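Undergrad: Sharing a model prediction with you, sequence too.
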There are 2 protein chains.
Amino acid sequence: MALVVQKYGGSSLESAERIRRVAERIVATKKQGNDVVVVCSAMGDTTDELLDLAAQVNPVPPARELDMLLTAGERMSNALVAMAIESFGASARSFTGSQAGVLTTERHGNARIVDVTPGRVKEALEEGSICLVAGFQGVNKESRDVTTLGRGGSDTTAVALAAALDADVCEIYSDVDGVYTADPRIVSNARKLDQLSFEEMLELAAVGSKILVLRSVEYARAFGVPLRVRSSYSNDPGTLVAGSMEDIPVEEAVLTGVATDVTEAKISVIGIPDNPGEAARIFRVLADAEINIDMVVQNISSIKDNKTDITFTCPRANGPHAMELLKKLQAEGVAENVLYDDQIGKVSLVGAGMKSHPGVTATFCEALRDAGINIEMISTSEIRISVVLRESDVAAATRAIHDAFELGGDTEATVYAGTGR
Amino acid sequence: MALVVQKYGGSSLESAERIRRVAERIVATKKQGNDVVVVCSAMGDTTDELLDLAAQVNPVPPARELDMLLTAGERMSNALVAMAIESFGASARSFTGSQAGVLTTERHGNARIVDVTPGRVKEALEEGSICLVAGFQGVNKESRDVTTLGRGGSDTTAVALAAALDADVCEIYSDVDGVYTADPRIVSNARKLDQLSFEEMLELAAVGSKILVLRSVEYARAFGVPLRVRSSYSNDPGTLVAGSMEDIPVEEAVLTGVATDVTEAKISVIGIPDNPGEAARIFRVLADAEINIDMVVQNISSIKDNKTDITFTCPRANGPHAMELLKKLQAEGVAENVLYDDQIGKVSLVGAGMKSHPGVTATFCEALRDAGINIEMISTSEIRISVVLRESDVAAATRAIHDAFELGGDTEATVYAGTGR
C-alpha cells in the first residue's frame, strides 16, 4: 500500500461539477488501496475576487489581514472536496494549514515553510480517512498568525507534506498532462516526456516552463520526493520528475526540451568606468529593490576610454522600477547611458546529455543561423543553453532548435487551454 | 475608559462600501477613548451561498466539513473590516473563533460555548489594537475541530466575549434601531423603548421578537452583560437591555410591549384516555424528535367517556414531522384523532408591571372582544399574557392591545426593511 499526495489547481475545482469529478478520482485512488492526502488550491478565481474586495476596502491592505482573508479560499475548496468525497462513500477530513502542522516564517504574503508536523493528518490516515489539507497557507511559529506561501504555494504545501509523511509520490494535477519537449502551442510535434531528473526540471522551470514552480521542485529535490505531473481531465500517467542527473548513464543522457520565456526585458548600462566595484554598485541597487536579474553579459572594456557596458535581463514587471533606479546611478556618473528593451524573448535548450555530447552549442547556433535568427545574448550552464533574441523570433527559434535536436515525436501534441494555478 | 464589544450583522456588511461605514463607526468609538472588540457576521448572503454550494457537491454534507466551510464567511468579513479600520489610521487585528479562545461542545452545526479564553484578544487590546473576532464559530475541546454555534451564533459570540473580557457594554448592531413596543410595520405609533430588564427581553424574544436571539439574552443575563440594541445606520442610542425586573420599583413598573408571532402551528390531540402517563407519552415522542412545543392546553376530561384533549403549538417547520409521529401514536390507540392548523398567530403582552397592576388580563381580553377577535388559546407567565388566534387577526389584535394599554408614542415609528442576521 502506497501513500499518495495529490495536489489540484484552482481550475480543476472551479465548479461544483468539477469538484465532484476531482473527488471521484481521489476516491478511486483510495480504492486502489492507497493512503491519500490531497492539497487543493482555492476554487477558480476565488483568490483574485478576494484580492479585488480587499482593494475596495483598503488600497494597501495590511499583510496579516490579507493572509487571513485569502486563506479562507482554500478552506472552502478543501471542505467542499471533503463533502464530495463523502458523497462517494469514502471518509474524508479537511484540515487548515495550521491544523496540518504547516509551520512557516513570520513574513506574511510570502512565508517560507520551516517545519511540517502533520500529527493530526497521520491520525486521520490511520483511521482510514482521506485527508484534505488547505494549500498555500500555514501558521507562523512566533505570532501563531495565519500566513500564505506566495506564488506556487499550494504545490509547495503538497511537496512539503509528501516529504513530512514520507509519501511514495506527489502528484501535481492541472490541465496540462505532463512536461513536454516544447510548448505544444508553438511546436506541433512536441513530445511528452515520461521522466526527467530534478536538475533538468529545475533548469526548465528556471528558464520559463510554467508547469511546476521552481521552489516546489527545489523542495522535492532536497527531500527526494518523486513528483508526477498529471492532468485532472485524463488518466494519462503524465511525467515523472525524479532522481538525479548523476544517476542517468552517460550513454543514455539525452536532451530534455526547449523552454521559451517572453516575460523578461533587457537593460543595457553603457559606459561604466571599468574599476572594481562599479558593477557591484549597480547590482546592489537592484538587489535591494528585490529585482531578480537573470542573464548578465559584460563586454571587454574598450581600451581607448577604459569603460565597459553591462547588459542583463529582468522581469518586465520590474523594468520601469529598475530603469528609475539606474537613471539615478547614471546621474551620479556611474554610467553614461541606460537602455531599455522589452521586445525580447528567451529560448533555452535543457538536457543532461549536453555534458556528454560535445558540439551542442555549435548545433544550437547553426540552427538559429539557418533560420535567419540573430542572437543578442547567450548564457549557458552545465546542462542548459539560453539565448536572448527578438520576441518575434521566439516561435521560429523554438521550432528550429526542437527540430535540430530531433526532440519531436511522430504524433501531434494535444494543446491545452491554459495551465492551472 | 470603557471596554465596548460591538456586533455587526451581515446586512450591515454586505458591500465594501458598508464595510467602510462600519469601520468608520468602530474607529470613532475607539477615538472616544474606548477599548473596542468587534464581532462580525458573514457578509450579506455569504452563508446562504456557501450552503447552496455545499448542497451541490453533497445533498447531505457532513457536519464537520460544513462547519469548516461556513466559518470561512466570518473569517473573510472580519479580515475585511480589519483592513478597512487600518485604512482609517487605527490598528486592527482579526482573530478566528479558535484564536480568540471560543471553546465549544463537540456538536457540529449547533455547538454551545463552554468557555472563552481570550488571551490573544487581551494582548492585542493592551497593544492598543481594535480586535475583530469571527462570530458564529469556535473550536471544540476534544477534537480541536472548527464548530459553528447555530442560529444567532454571532450575537452569542459577542455576549460571551463581553462576559469573558468583563466589558462595560455589548452593542448589537443591525438595521433596527432598538426594541419597540410593537412591530412598527404593524403599529404605526409603536414607541422605541429606552430600557428594559433582561426578564422582559427574554419574554419578548421567547414570544416572537426577532431583535435579539433568546440564547444571547440568556447568556447576557447570566453574566450580567448590559446589551444595547442599535442601528448601524443611525447614531440613535438605541435600547438598553440591563438589570433585573426586581430592581424596578413597583410603582414605576410598566408594560413593555406587544410581540407577534406567525411562525407556529396548532396541533390538537383528541380523545386521549385520561390515565396517568398518556400525555407524557405524547410529549416524549415530540421531545425525542427535538420538536419544541410551546403553549399547551388540556381540557377537563368529559365525565361520560373519561377522555381528554390536548392542544399545543409548535414551529410550523416541525408541523409535518410532529403530525407523522402523532398519527403513529393514534394508530397505537393513544388518541382518537389528531388535528393540524397552521393558520394561527400568537400575540403576547409583556411587562413587569403586570405583577403590580391587577386586571391586565381582563383589559387584554376586553380589548380583543371589542375588536371582535376570538381567542383560541391563552397562556400566561408572571409578566406575560399570550393568546393564539387566527393569523388574519394578528395585526388587528396587536393594534387593539397596543392601544388598550396606551403603549404608543406621539410620533410615527420609523419602519425598516428587515432585520439583520
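TA: That came in fine, so what should we check first?

Undergrad: Can you tell me the number of residues neighbouring A:Ser381?
TA: 14 (other Cβ atoms under 10 Å in any protein chain shown). All C-beta atoms are positioned from the backbone trio N, CA, C, and that covers glycine.

Undergrad: Chain B contacts on the stretch 101-250 of chain A?
TA: A:Arg120, A:Arg144, A:Val146 (Cβ under 8 Å from any Cβ of the partner chain).

Undergrad: Check which residues of stretch A:241-257 are buried.
TA: Buried residues in stretch A:241-257, counted by 16 or more other Cβ atoms under 10 Å in any protein chain shown: A:Val241, A:Ala242, A:Gly243, A:Met245, A:Ile248, A:Ala253, A:Val254, A:Leu255, A:Thr256, A:Gly257.

Undergrad: Which one of these is nearest to chain B?
TA: The closest of the buried residues of stretch A:241-257 to chain B turns out to be A:Val241 (Cβ to the nearest Cβ; 31.4 Å).

Undergrad: And the closest one, how close does it get to B:Phe405?
TA: 80 Å (Cβ to Cβ, to the nearest Å).

Undergrad: cool, A:Val254 as well?
TA: 95 Å.

Undergrad: Looking at the stretch 201-350 of chain A, which residue is nearest chain B?
TA: A:Ser232 (15.8 Å).

Undergrad: Tell me the spacing between that residue and A:Ser174.
TA: 7 Å.

Undergrad: would you list every one of the strands in the stretch 101-250 of chain A?
TA: For the stretch 101-250 of chain A, the strands defined by DSSP state E, counting those that start in this stretch cover A:102-104, A:113-116, A:130-134, A:137-140, A:146-148, A:169-174, A:195-196, A:227-231, A:239-241.

Undergrad: Where does the prediction get shaky in chain A?
TA: A:250-251, A:300-304, A:411-421 (pLDDT under 70).

Undergrad: Can you get me a residue count around the residue of the stretch 201-350 of chain A closest to chain B?
TA: Neighbours of A:Ser232 (other Cβ under 10 Å): 21.

Undergrad: Just to check, A:Gly10 is in contact with A:Gly44?
TA: Yes: between A:Gly10 and A:Gly44 there is a contact under Cβ atoms under 8 Å: 5.4 Å.

Undergrad: and these two? which has more neighbours close in?
TA: Taking other Cβ under 10 Å, A:Gly10 and A:Gly44 do not tie; A:Gly10 has more neighbours (24 against 19).

Undergrad: I'd like to know how many residues surround A:Asn337.
TA: Other residues close to A:Asn337 by other Cβ under 10 Å number 12.

Undergrad: do A:Thr181 as well
TA: A:Thr181 - counted by other Cβ under 10 Å - has 25 other residues nearby.

Undergrad: Look up how far B:Val22 lies from it.
TA: 56 Å.

Undergrad: Ok, A:Thr239 next?
TA: Taking Cβ to Cβ, one finds A:Thr239 at 50 Å from B:Val22.

Undergrad: likewise A:Arg281?
TA: Per Cβ to Cβ, A:Arg281 is found 50 Å from B:Val22.

Undergrad: The two: which has the busier surroundings?
TA: The residue with more neighbours, out of A:Arg281 and B:Val22, is B:Val22; 22 against 13, by other Cβ under 10 Å.

Undergrad: And what about that one, helix, strand or coil?
TA: helix (DSSP: H, G, I helix; E, B strand; the rest coil).

Undergrad: Excluding chain neighbours, give the residue nearest to A:Leu240 in space.
TA: Nearest in space to A:Leu240, with sequence neighbours left out and distances taken as Cβ to Cβ, 6 or more residues apart in numbering or on different chains, is A:Gln195 at 4.4 Å.

Undergrad: ok, A:Asp236 - how many residues close by?
TA: A:Asp236 has 12 nearby residues by other Cβ under 10 Å.

Undergrad: List the residues that contact the closest residue to it other than its chain neighbours.
TA: Closest residue to A:Asp236 apart from its sequence neighbours, by Cβ to Cβ, 6+ apart: A:Asp177 at 4.7 Å. Residues in contact with A:Asp177 (Cβ atoms under 8 Å, 6 or more residues apart in numbering or on different chains) are A:Lys192, A:Val229, A:Arg230, A:Ser231, A:Tyr233, A:Ser234, A:Asp236, A:Gly238, A:Thr414, A:Tyr416.

Undergrad: Okay, buried residues for the strand or helix carrying A:Ala396 please.
TA: Following DSSP states H and E, one finds A:Ala396 within helix A:394-404. For helix A:394-404, a neighbour-count test (16+ other Cβ under 10 Å) marks A:Val394, A:Ala395, A:Ala396, A:Ala397, A:Thr398, A:Arg399, A:Ala400, A:Ile401, A:His402, A:Ala404 as buried.

Undergrad: now the helices: where do they sit in the stretch 301-421 of chain A?
TA: Assigned by DSSP state H, counting those that start in this stretch, the helices in the stretch 301-421 of chain A fall at A:319-331, A:353-356, A:360-370, A:394-404.

Undergrad: Quick check: closest non-adjacent residue to A:Thr361.
TA: In space, A:Thr361 is closest to A:Ile385, 5.9 Å off (Cβ to Cβ, 6+ apart).

Undergrad: So what pairs up with the one you found in the strands?
TA: A:Leu349, A:Thr380 (DSSP bridges).

Undergrad: Show me what stretch A:278-286 is in contact with.
TA: Applying Cβ under 8 Å, 6+ apart, the set of residues contacting stretch A:278-286 is A:269, A:272, A:293, A:298, A:310, A:314, A:322, A:325-326, A:328-329, A:334-335.
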